[in-house]
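# need the 3D shape of this:
(one chain, ligands or ions: 2)
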Amino acid sequence: MNARIFLTFTRKQSYRRYGYNLQIRSFAELGKIPPELEDIQEDDNRSFTDMIQFNFHKARVVVEQKLIENLKHQKNTRPLNMIERRRKVRNIMSYLEHCDSILELNFPIRRDDDTYEIIKGYKAMHKCHKMPVAGGLRFDKSVTRDSMFALSSLMTFKCATVGIPFGGGGGGISIDTTKYSVDELERITRRYTMELAKKGHLGPELDIIGPDMYTNDREMAWIMDTYGKTFGYKDINARGCVIGKPPNQGGIQGRESAMGHGLFNCLDEFVNNEDFMKSLDLNAGWKDKTFILQGFGKVGIHVMKYLTRKGAKCIGVCGHAGGITSPFGINYNELKRYKGKKGTILGFPGAQPYKGKNLICEPCDILIPAATEKLINKDVAQEIKAKIIAEGANGPTTPAGDKVLLSKNILVLPDILANAGGITVSYFEWLKSLNHLSFGRLTNKYEKDRNSLLLQNVQLELERHFGKQNKVTIPIVPSTPFQKRIYGPREEDVVHYGLSWTMEKASRELMNTAKEFNLGADFRTAAYVCAIEKVFNTINEAGLNI
Ligand SMILES: NC(=O)C1=CN([C@@H]2O[C@H](COP(=O)(O)OP(=O)(O)OC[C@H]3O[C@@H](n4cnc5c(N)ncnc54)[C@H](OP(=O)(O)O)[C@@H]3O)[C@@H](O)[C@H]2O)C=CC1
Ligand SMILES: O=C(O)CCC(=O)C(=O)O
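Ligands and ions are numbered 1, 2, ... in the order given. Model prediction:
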């Protein structure tokens, strides 16, 4: 065995042995995927972090030549020769491969029966090239150091894809929330908050946190309250340490539905594109499109709202314990009400229980995984009959699954684009927290006066012109849509338009990138290429070290 092969071999062995410990991995050569990841498109039994690392490296190989070329034209620096340019790209890519920090916490909480239990939690900062870092807080048994690495790196690339100026973060506690009372969950959340704050992992300018699986605005309110009353006591911006807060605590209109809304905006760009739809043997537009939803939580529920509103038909929904189906379409409002009352979708009278093997493999036009990671592996992908997949969940498709989907010409809109609505509106909420002001509050009355004056003015001018001959009055009656907007944009309008614009722009950027790099329908790689380019430029301009 020559030295190089031996090194690769031992690296691979030690990597496999220690699983998640990516710090021991050294960076691949330019133009190559690291040897440890080479077989991941065949092997489904790999970690969540490996999946994201593979997606990153696959795109890095595509874009690095362009980055090396671009450095030739860099301003405000001495010219770099080819070796220096290659070295620079390699160094920054190597930095992107790692997680800046992962904090592991073990703290005791008192259970309701007065016993104590040690709770394990994490907080990751993947990249701090933009501050604060932001990401979701997950309460689930699946939370590990590995999933935190993966989720926080997804956040780095997601924020860059949609142009949100945050670094990538993420937090989690390894618990099954059904096993704890509300009081216990509150104690766990408050203690976790204190631990994060003590260790510099929480704060409006540093590290901000939003809801993810099995957390919602309730936990965000507890975190904000704990931080605001302790470490953030003298910080006037303290409430900006969380996003996805209840509206009454400084949250923003439209955050709750943002993931569904954003996913719809992104899908809308593709579904209305004649060329894309033709390539999938589908008609452009929403009419008669059928879809299946995996997960009816914070993401799934609003995806269903926006898609059914546009005329698409939901023919199946599934959760942990099973699914429901109806060829006639499931009524959104009735299902939402039913779940609100019963806490489950099972038994919903407006549909039949699903009796097959895997609902997400049933025929439909669009499949929306909005549950958890790795549910579309190689075997599942082989059975999928949908023509479009829009990833509401983070990391629902393994690289092996992805390869099969690509070979079947299924259009996949990747997580770092499709579910970026949440972080986009979280950014708007963070700005609101720092401004201490709702959007529109200072200007709405002025806008109404201005618009009323404008109408009066038009009326006066028309009457002056025509009235001279005919002595007529020409009343200008505002139409209903104009009347609705007479106050100028209210907070929900700012969020609605800001989000739609962000998602549409990012979707078109991806289409252009896929064309530029000849990636065909591999929009996951196109999204990572876009993101890597942006993060690279930020780090390159600012410099890699102090
Ligand atoms: N919340 C947010 O702001 C964002 C979340 N995401 C991602 O979206 C996904 C869903 O998050 P969110 O909606 O917030 O989570 P929720 O906790 O609100 O809902 C999770 C849903 O997923 C279902 N589910 C969980 N595991 C499985 C499984 N193995 N098979 C089928 N269904 C399952 C649950 O079903 P049941 O009710 O039966 O348990 C539930 O309906 C996650 O991947 C998350 O990271 C992405 C962007 C933003
Ligand atoms: O708003 C947030 O920060 C949470 C977003 C999130 O969890 C995600 O995009 O995965």
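# when you work out contacts or count neighbours from here on, use the C-alpha atoms and nothing else.
Will do.
# for the stretch 51-200 of the chain, which segments count as helices?
Using DSSP state H, counting those that start in this stretch, the helices of the stretch 51-200 of the chain run over 82-97, 145-161, 182-198.
# what's the most buried one of these?
Comparing those by mean neighbour count (mean count of other C-alpha atoms under 10 Å), helix 145-161 ranks first with a mean of 26.
# neighbouring contacts of that helix?
Residues outside helix 145-161 that contact it (C-alpha atoms under 8 Å, 6 or more residues apart in numbering) are 20, 47-50, 52, 99, 102, 104, 122-127, 134-135, 165-172, 394, 415-417, 420, 423-424, 506, 527-528, 530-532, 534-535.
# name the nearest residue to residue 249, ignoring sequence neighbours.
residue 221 (7.1 Å; C-alpha to C-alpha, 6 or more residues apart in numbering).
# which other residues reach the helix or strand harbouring that neighbour?
Under the criterion of DSSP states H and E, residue 221 resides in helix 217-229. The list of residues contacting helix 217-229 from outside it, by C-alpha under 8 Å, 6+ apart, reads 186, 189-190, 193-194, 197, 209-211, 233, 235, 238-239, 241-246, 249.
# what does the stretch 151-300 of the chain have sitting close to ligand 1?
Within the stretch 151-300 of the chain, the positions near ligand 1 by C-alpha under 6 Å from any ligand atom are 211, 212, 213, 214, 259, 294, 295, 296, 297, 298, 299, 300.
# phi and psi next, for the residue nearest the centre of the chain.
For the chain, the residue sitting closest to the mean C-alpha position, by C-alpha atoms, centre = their mean, is residue 420 at 3.2 Å. Main-chain torsions, residue 420, degrees, to the nearest 10: phi -80, psi 0.
# assumed residue 235 was part of a helix.
No - using DSSP: H, G, I helix; E, B strand; the rest coil, the assignment for residue 235 is coil, not a helix.
# check what pLDDT it gets.
Looking at residue 235, its pLDDT stands at 97.
# nearest spatial neighbour of residue 167, chain-adjacent residues omitted?
residue 133 (4.0 Å).
# and that neighbour, what are its bridge partners?
With DSSP bridges as the criterion, residue 133 is bridged to residue 167, residue 207.
# check what pLDDT it gets.
pLDDT, residue 133: 98.
# going forward, the N-terminal residue is numbered 348.
Taking 348 as the first residue, the last one we looked at is residue 480.
# contacts only, for residue 794.
Residue 794 touches 833, 834, 835, counting by C-alpha under 8 Å, 6+ apart.
# the last one contacts residue 791, correct?
Spelled out, that is residue 835. Yes - the criterion here is C-alpha atoms under 8 Å, and residue 835 meets it with residue 791 at 5.7 Å.
# neighbour count for the two, which is higher?
Using other C-alpha atoms under 10 Å, the more surrounded residue of residue 835 and residue 791 is residue 835, with 20 against 17.
# okay, buried residues for the helix or strand hosting residue 814 please.
Element membership of residue 814, judged by DSSP H and E, is helix 791-817. Across helix 791-817, burial judged by 16 or more other C-alpha atoms under 10 Å covers 791, 794, 795, 798, 806, 807, 809, 810.
# ligand 2: which of those residues is nearest?
Ligand 2 lies nearest to residue 791 out of the buried residues of helix 791-817, by C-alpha to the nearest ligand atom, at 27.1 Å.
# any weak-confidence spans in this structure?
Within the chain, the segments meeting pLDDT under 70 span 348-375, 815-817.
# in its sheet, what does the lengthiest strand in it sit against?
Using DSSP state E, we find that the single longest strand of the chain is strand 463-474. With DSSP bridges as the test, strand 463-474 is paired with strand 448-457 (antiparallel), strand 514-520 (antiparallel).
# pick the most deeply packed of these.
Burial of those is given as mean neighbour count (mean count of other C-alpha under 10 Å); strand 514-520 ranks first at a mean of 31.
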